[in-house]
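Asks: show me the folded form of this:
(chains A and B)
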Amino acid sequence: MAATSLAEAQVIAPTSRAEAVDAFGDGSGVTVLGGGTILMPEMNYGRLRPERVLLLQNAGLSGIARNGTALTIGAMTTVAELEQAPEPLGTAARNVADHEIRAQATLGGNLCAPAGGATPRGDLQAALIALGAQVKTAGKDGERSEPIEDFVAAPDGRLLLEVEFEEPKSSGYAAAHRPHAHAYTILAVCAAETSAGLRVGLSGAGRNGLRARSVEDALAAGASAAEASQKAPDDARASDDALASAWYRQRLLPILVQRALDDLGGGK
Amino acid sequence: MRLTVNGEQRDLHSPPLTSLLAALREELDITSPKAGCHQGGCGACTVLVEGEARRSCLLPLAAVDGATITTLEGLGAADDLSPVQAAFDEHYAAQCGFCTSGFIMAATALIDRTPKANREEILAGLSGHVCRCTGYIKIVSAVEAAVGSPA
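Replies: Here you go, the predicted model:
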């Protein structure tokens, strides 16, 4: 049963990864608090009264580890720390909110956030989908690893531990922003070429980040970037929000896909 | 929970998921952090946590237990303004004043991490702060002046 007052919530602050996994258990009744940028407004406005809160900041889940071309990034790594990550992740991170929010918001929150009502969330998802990242999670039946596009489609009930990917041979990024004090990203397209092939990820084209398989398949079949980008609307499930309409996003998408693919060809 | 606020140790009894903003304002009567949007969008509640600018509305008390917090009250006094406060005064960078403490805290942290910040870096560094009087030109001029002044 949900608590009715913030004062009733039980707060657990694990000090190691093992403790965090143990405290999370099968996830039932647990609200995971990373940086707080998404959950705190919900609590401040009284929309969320959690029963049990897992506070992860001291759980040892942050940091970027490199082993040759392989990277492992902990769930509690801040978006600010990702600003210098390999492309297209670095660019996606630099385009999130402002300095102070980036220093507090975490990778985990960006991947687990429920879809925003007014603006899209999950700016990092397109980049990590393009990079072919695998996510390691814990929960019912223990730890497991899965492709990021599968995880972001249904993140509930799992505790995100880390994300792994290989530094790409080349990368591309294209996005449309709505001007504000800092620009909101309406739609972002990331492309990356790794040993697993060329992948294309989309943020802002659906409730969570999506993999543009129709575009990838067309390219693999020999289509040009211009031809393949026309397939992108087949992969999208755009909706209306405060930044743009679904109509606008569907029309913008092929243009951004082509720009991201052209950027890739630019040989970064 | 215990915080060091403006150099003084304070014990807090608010529930652990209370925002730092609410705890500062309602339990400690420290009112320079302003309660604007409660969702990290306006910047008015910005304080320094271990010297770094943070939105106090987005931090649960439990996440800052034991931390050192600085608010506008801890920067300077009326007869001994901090360089950023003095620059805001001199350049007429406050109108209604609601956003001012957040801007001053953010600018203080910005200059601390980028001592020679140029105009572009100042604009990027303060981009999360909203001034509803739209006095941005004077605010940015004040921060540019503070960058050039000795700390």
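Asks: so what's A:Leu89 closest to, chain neighbours aside?
Replies: Distances taken as C-beta to C-beta, 6 or more residues apart in numbering or on different chains place A:Ala127 nearest to A:Leu89, at 4.2 Å, with adjacent residues excluded. All C-beta atoms are positioned from the backbone trio N, CA, C, and that covers glycine.
Asks: quick check on the one you found: phi, psi?
Replies: Torsion angles at A:Ala127 (phi, psi; degrees, to the nearest 10) stand at phi -60, psi -50.
Asks: Provide a list of residues in contact with it.
Replies: Residues counted as contacts of A:Ala127 (C-beta atoms under 8 Å, 6 or more residues apart in numbering or on different chains) are A:Pro88, A:Leu89, A:Thr91, A:Ala92, A:Ala93, A:Tyr173, A:Cys190, A:Ala192, A:Gly201, A:Ser203.
Asks: rerun that using 7 Å as the cut-off
Replies: By C-beta atoms under 7 Å, 6 or more residues apart in numbering or on different chains, the residues touching A:Ala127 are A:Pro88, A:Leu89, A:Ala92, A:Cys190, A:Gly201.
Asks: and what of A:Val30?
Replies: So A:Val30 contacts A:Phe24, A:Arg52, A:Leu54 (C-beta under 7 Å, 6+ apart).
Asks: tell me how far it lies from A:Glu19.
Replies: Here the criterion is C-beta to C-beta, to the nearest Å. By it, A:Val30 lies 13 Å from A:Glu19.
Asks: now swap in B:Leu12 and tell me
Replies: In this view, B:Leu12 and A:Glu19 are 25 Å apart by C-beta to C-beta.
Asks: kindly report the same for B:Arg10.
Replies: Taken as C-beta to C-beta, the span from B:Arg10 to A:Glu19 is 29 Å.
Asks: and for A:Thr135, nearest residue in space, chain neighbours not counted?
Replies: Actually, residue A:135 is Val. It isn't Thr. Among residues not flanking A:Val135 along the chain, A:Phe151 sits closest, at 4.6 Å (C-beta to C-beta, 6+ apart).
Asks: element containing the one you found, please.
Replies: Following DSSP states H and E, one finds A:Phe151 within helix A:148-153.
Asks: centre of the chain to that helix, how far?
Replies: 9 Å (C-alpha atoms, centre = their mean, to the nearest Å).
Asks: for the record, mean pLDDT for that helix?
Replies: On average, the pLDDT along helix A:148-153 is 96.
Asks: which residues touch that helix?
Replies: A:111, A:122, A:125, A:128-129, A:133-135, A:137, A:163, A:208-211.
Asks: do the same with stretch B:24-41
Replies: A:37, A:41, A:44-45, A:101, B:5, B:10, B:12-14, B:21, B:42, B:44-45, B:47, B:55-58, B:71-73, B:98, B:101-102.
Asks: one more: stretch A:240-247?
Replies: Contact with stretch A:240-247 is made by A:Ala118, A:Thr119, A:Pro120, A:Arg178, A:Tyr184, A:Ile186, A:Ala238, A:Ser239, as judged by C-beta under 7 Å, 6+ apart.
Asks: and the pLDDT at the second one?
Replies: Looking back up the chat, that one is A:Thr119. Looking at A:Thr119, its pLDDT stands at 81.
Asks: where does A:Lys136 fall, phi/psi-wise?
Replies: Dihedral pair for A:Lys136: phi -100, psi 130, per degrees, to the nearest 10.
Asks: quick check, pLDDT for residue 1.
Replies: Let's take chain A. 47.
Asks: you answered for a different chain; I wanted chain B.
Replies: Reported pLDDT for B:Met1: 93.
Asks: count of neighbours near it?
Replies: 17 (other C-beta atoms under 10 Å in any protein chain shown).
Asks: quick one: it from B:Arg54, how far?
Replies: Counting by C-beta to C-beta, the gap from B:Met1 to B:Arg54 is 16 Å.
Asks: kindly report the same for A:Ile64.
Replies: According to C-beta to C-beta, A:Ile64 and B:Arg54 sit 22 Å apart.
Asks: more neighbours: those two, which one.
Replies: Neighbour count, other C-beta under 10 Å: between A:Ile64 and B:Arg54, B:Arg54 has more, with 27 against 17.
Asks: in the helix or strand containing that one, which residues are buried?
Replies: According to DSSP H and E, B:Arg54 maps onto strand B:52-55. Neighbour counts over strand B:52-55 (16 or more other C-beta atoms under 10 Å in any protein chain shown) mark B:Ala53, B:Arg54, B:Arg55 as buried.
Asks: give me the subset of those residues touching chain A.
Replies: B:Ala53, B:Arg54, B:Arg55 (C-beta under 7 Å from any C-beta of the partner chain).
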